[in-house]
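> Below is the structure, and that's it, no one-letter string:
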């Protein structure tokens with residue numbers, strides 16, 4: 001890794017897109033790799049610890065990623081010359097992760113980091129692509145969520161910025177600080193109220209694992225047009241019963257087939273015969 005980076009003439013810069021609440025992310029553009037460092041302090045909305053974040057990444061590393069979760073490589077004591085960093089990038093890293101990023105003479109020492117292949121953040125991709133590409137990538141976004149769920153993985157934070165688009169147009173999840181097993185979640189219907197009372201004995205009390213799929217739409221999409229299109233493509237994702245049935249299937253030991261490649265990229269019945 002160090003030898004490859006040392007040969008580059010460009011500099012590390014802050015990764016394009018929305019800055020993370022847990023990770024500081026930077027890239028060497030010509031290297032097509034993303035570097036991720038756990039911040040010393042997280043934004044108030046994130047109720048996790050360093051140990052929890054590292055365990056989440058280990059969970060994904062051990063799990064079947066079903067072709068929908070980015071593979072991460074973990075490094076310790078990564079040393080790079082200071083002049084390999086754009087000044088504003090190094091300043092940011094030293095500010096948000098001073099216990100991990102150390103400047104010693106002309107060397108930058110990074111005690112711990114993750115690397116992943118570089119992708120276009122889904123929120124940025126949707127701003128730049130055509131209407132037809134929007135329709136295609138939103139379909140794949142929903143498929144990615146469903147296929148992870150079939151493998152007993154719930155991404156937790158399903159915001160567009162936490163997914164990327166590969167150069168093949170495939171949607172991949174890459175932000176793991178809230179990931180959990182699907183069977184750990186408690187999917188609920190939103191209680192129906194009459195005045196100040198709730199029907200069916202349900203209440204508005206919310207536990208840490210409670211999830212209300214009916215609220216996914218506004219949370220995932222600020223753009224109403226994208227939200228409408230996605231809900232037309234994947235209406236079941238907003239139905240608590242879909243998630244509950246999937247949970248039960250996993251608990252019952254049913255194996256749900258997930259194919260990591262599109263049909264046209266898979267072998268047909270006989271070896272060597274591709275489906276196009």
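The structure has been received and is ready for your questions. What you see is a predicted model; the values in this text were computed from it and never measured.

> how many neighbours does residue 68 have?
26 (other C-beta atoms under 10 Å). The way it works is simple: take the backbone N, C-alpha and C, and place the C-beta from them, glycine included.

> who's in contact with it?
By C-beta atoms under 8 Å, 6 or more residues apart in numbering, residue 68 lies in contact with 144, 147, 148, 171, 172, 173, 260.

> Strands of the stretch 151-276 of the chain, start to end?
Assigned by DSSP state E, counting those that start in this stretch, the stretch 151-276 of the chain shows strands spanning 153-154, 163-165, 171-173, 180-181, 186-187, 193-194, 197-198, 210-211.

> thinking again about what came up before, out of the contacts of residue 68, which comes closest to residue 47?
residue 173 (20.5 Å; C-beta to C-beta).

> Hmm, that closest one is touching residue 147, no?
No. At 9.9 Å, residue 173 does not count as touching residue 147 under the criterion of C-beta atoms under 8 Å.

> By mean pLDDT, flag the weakest helix or strand of this protein.
Between all helices and strands in the chain, the lowest mean by mean pLDDT, DSSP states H and E belongs to strand 197-198, at a mean of 52.

> all helices for the chain, in order.
Applying DSSP state H to the chain gives helices spanning 2-6, 50-62, 87-96, 122-128, 131-150, 216-220, 224-233, 240-251.

> Next, the angle from the last one to helix 131-150.
Going back to what we said before, that points to helix 240-251. Between the axis of helix 240-251 and that of helix 131-150 there is an angle of 50 degrees, by axes from the mean of the first three to the mean of the last three C-alpha atoms, to 10 degrees.

> Name the surrounding residues that touch helix 240-251.
149-150, 152, 182-183, 185, 187-189, 211-214, 236, 256.

> who wins for most neighbours among those residues?
Busiest of the contacts of helix 240-251 [other C-beta under 10 Å] is residue 149, holding 23 neighbours.

> what's that residue in contact with, if anything?
182, 243, 246.

> try residue 112
Residue 112 neighbours (C-beta under 8 Å, 6+ apart): 37, 38, 74, 75, 76, 100.

> per the record, what domains does the chain have?
2-117, 120-265 (automatic domain parsing).

> Same list (the contacts of residue 149) but as JSON lines, adding pLDDT.
Output for the contacts of residue 149, formatted as JSON lines (pLDDT from 0 to 100):
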{"residue": "182", "pLDDT": "95"}
{"residue": "243", "pLDDT": "96"}
{"residue": "246", "pLDDT": "94"}
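
> show me where pLDDT drops low in the chain?
Low-confidence segments of the chain, defined by pLDDT under 70: 1-8, 193-204, 259-276.

> top strand in it by residue count?
Longest strand in the chain, counting residues (DSSP state E): strand 107-117.

> what about that strand, distance to the chain center?
19 Å (C-alpha atoms, centre = their mean, to the nearest Å).

> angle of that strand against helix 50-62?
40 degrees.

> Okay, now the sheet partners of strand 107-117, with direction.
Next to strand 107-117 in the sheet, as set by DSSP bridges, lie strand 33-38 (antiparallel), strand 73-81 (antiparallel), strand 101-104 (antiparallel).

> Please identify which of the strands of the stretch 151-276 of the chain is closest to residue 121.
Of all the strands of the stretch 151-276 of the chain, strand 163-165 comes closest under C-beta to C-beta, at 5.7 Å.

> gap between stretch 105-112 and the chain center?
With C-alpha atoms, centre = their mean, you get 27 Å for stretch 105-112.

> Name the residues of it that come out as buried.
108, 110, 112 (16 or more other C-beta atoms under 10 Å).

> One more: stretch 75-82?
So for stretch 75-82, counting by 16+ other C-beta under 10 Å, buried means 78, 80.

> go on, stretch 240-259?
In stretch 240-259, counting by 16+ other C-beta under 10 Å, buried: 240, 242, 243, 244, 246, 247, 250, 258.
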